[in-house]
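> Let's see this in three dimensions:
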Amino acid sequence: MASLWQKALMYLGLVDEDRVDQEPEPAPAPVRNRNAVRTVEPQGRQERVAGRRVEPPPISRRSHPPAAARSTGGVRPVPTIEAQTDIIEPGHFDDAKLLADRIRDRVPVVLNMRNTEPEMVRRLVDFCTGLTYALDGSMRKIDEGVILVLPPRVSLGREEKRRLADLGLYGLGDGQT
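Presented below is the predicted three-dimensional model:
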């Protein structure tokens with residue numbers, strides 16, 4: 001009679017039915033006396049597994065920052081980059097790929113959606129939200145129908161804000177200069 005394990009293997013087609021019938025059943029385990037003392041015999045010498053030893057890399061001066069650059073436990077500020085923006089006036093949802101490519105290249109993008117259909121605006125805003133979350137960027141409304149999408153650690157400088165304001169894309173009335 002086949003064991004449950006053998007029946008499962010046979011059901012799955014991993015062994016032939018003839019092989020299961022030919023294999024002898026294991027002898028039943030002897031019943032142990034609960035009061036008997038069990039002794040453990042030493043294993044003797046353990047065999048070593050053949051292999052190679054991996055050494056840690058040597059410590060070099062290049063792997064450590066210079067003494068002046070080492071931090072004393074404080075948090076170092078990450079420098080931000082001030083960059084010139086690209087302006088995209090989306091007409092189709094295919095323009096979202098262009099937006100994603102520019103953000104991946106660490107270029108800020110201004111989306112001028114004033115002449116875009118409301119349904120397309122909703123889809124693009126949803127796409128921008130997911131994109132900025134995934135790439136750890138930021139997104140904010142800078143004027144009516146205009147959204148600024150920034151890659152991580154990139155900001156707009158004063159001159160770039162003025163340039164966008166001159167183009168009518170950056171509202172300076174909300175206290176942002």
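
> and stretch 153-162, which residues are buried?
Within stretch 153-162, the residues that qualify as buried are 154, 156, 160-161, counting by 16 or more other CB atoms under 10 Å. C-beta: built from backbone N, CA, C; applies to glycine.

> can you map out the strands along the chain?
Under the criterion DSSP state E, the chain carries strands at the ranges 81-82, 86-88, 109-112, 138-143, 146-150, 154-155.

> Which of the ones you listed sits closest to residue 4?
Ranking those by proximity to residue 4 (CB to CB) places strand 138-143 first, at 58.8 Å.

> Could you list the low-confidence segments of the chain?
Within the chain, the ranges that satisfy pLDDT under 70 run 1-2, 17-54, 59-73, 76-82, 172-177.

> quick one, what contacts residue 132?
103, 138-139, 149-150 (CB atoms under 8 Å, 6 or more residues apart in numbering).

> cool, and residue 95?
Contact partners of residue 95, counting by CB under 8 Å, 6+ apart, are 88, 124.

> on that earlier part again, which ones among the buried residues of stretch 153-162 lie within helices?
Members of the buried residues of stretch 153-162 lying in helices (criterion: DSSP state H): 160-161.

> most surrounded residue in the contacts of residue 132?
Neighbour counts for these peak at residue 149, which has 26 neighbours (criterion: other CB atoms under 10 Å).

> Is it correct that that one is in contact with residue 142?
No: in this structure, residue 149 is not within contact of residue 142 by CB atoms under 8 Å, at 10.3 Å.

> shared neighbours of the two, anything?
Contacts common to residue 149 and residue 142, judged by CB under 8 Å, 6+ apart, are residue 110.

> ok so, going back, and the buried residues of stretch 153-162 as a markdown table, adding distance to residue 169?
Below are these laid out as a markdown table (distance: CB to CB, whole Å):
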| residue | distance to residue 169 |
| --- | --- |
| 154 | 17 |
| 156 | 11 |
| 160 | 11 |
| 161 | 10 |
